[in-house]
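Sequence and predicted structure, then a few things I'm wondering about:
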Amino acid sequence: MELNRFKTTRKKIPLTEKEWEKIKKIIKREVKKRKINIKELNVILVGADRIKKLNKKFLNRDKKTDVISFNLGETGEVYICSDYVKNKKDFLKLLFHGFLHILGFDHKSEKERITMKKMEESLIKNII
């Protein structure tokens, strides 16, 4: 399982190498547990303009958002808008939120929203 990180903004990703290693282990575990065929996860920190363009192009929503994710078969991509990242916990919340979408979770109903929030919090606890 590859975990790649990129940024197209000056803002720094607020994680240490040790924390990235923990994230990689968690992602590998969750992918294996759910039998999802993802071999690579790209985490991309972008600015407001870029995320707005992605949101418009792929989701037909003409506004900025905090996170967008794509399941592209063997590759997953999580785009995080730097405007919403004030600290490590914000970044992790968005990263895991996007990752859960790649695994097939959604938040269209209140029950689904609560489930996703609990899972995000559980995954974050393993890092900080």
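It's in.

going forward, measure contacts between C-alpha atoms and count neighbours the same way
Fine.

dump the residue contacts of the spatially most central residue of the chain.
Nearest residue to the geometric centre of the chain (CA atoms, centre = their mean): residue 95, 2.7 Å. Taking CA atoms under 8 Å, 6 or more residues apart in numbering, we find residue 95 in contact with 43, 67, 78, 80.

How is it classified with respect to secondary structure?
helix (DSSP: H, G, I helix; E, B strand; the rest coil).

Checking my notes, residue 6 in a helix, right?
No. Residue 6 is assigned strand when assessed by three-state DSSP, not a helix.

what about it, how many residues close to it?
Neighbour count of residue 6, defined by other CA atoms under 10 Å: 12.

what is the nearest residue to it once chain neighbours are set aside paired to in the beta sheet?
Distances taken as CA to CA, 6 or more residues apart in numbering put residue 44 closest to residue 6, at 4.7 Å, once the chain neighbours are dropped. In this entry, residue 44 is beta-bridged to residue 6, residue 79, by DSSP bridges.

what about residue 44, distance to residue 108?
Distance check for residue 44 against residue 108: by CA to CA, to the nearest Å, it reads 25 Å.

With neighbour numbers in mind, choose between the two.
Neighbours per residue (other CA under 10 Å) separate residue 44 from residue 108, with residue 44 holding more: 23 against 8.
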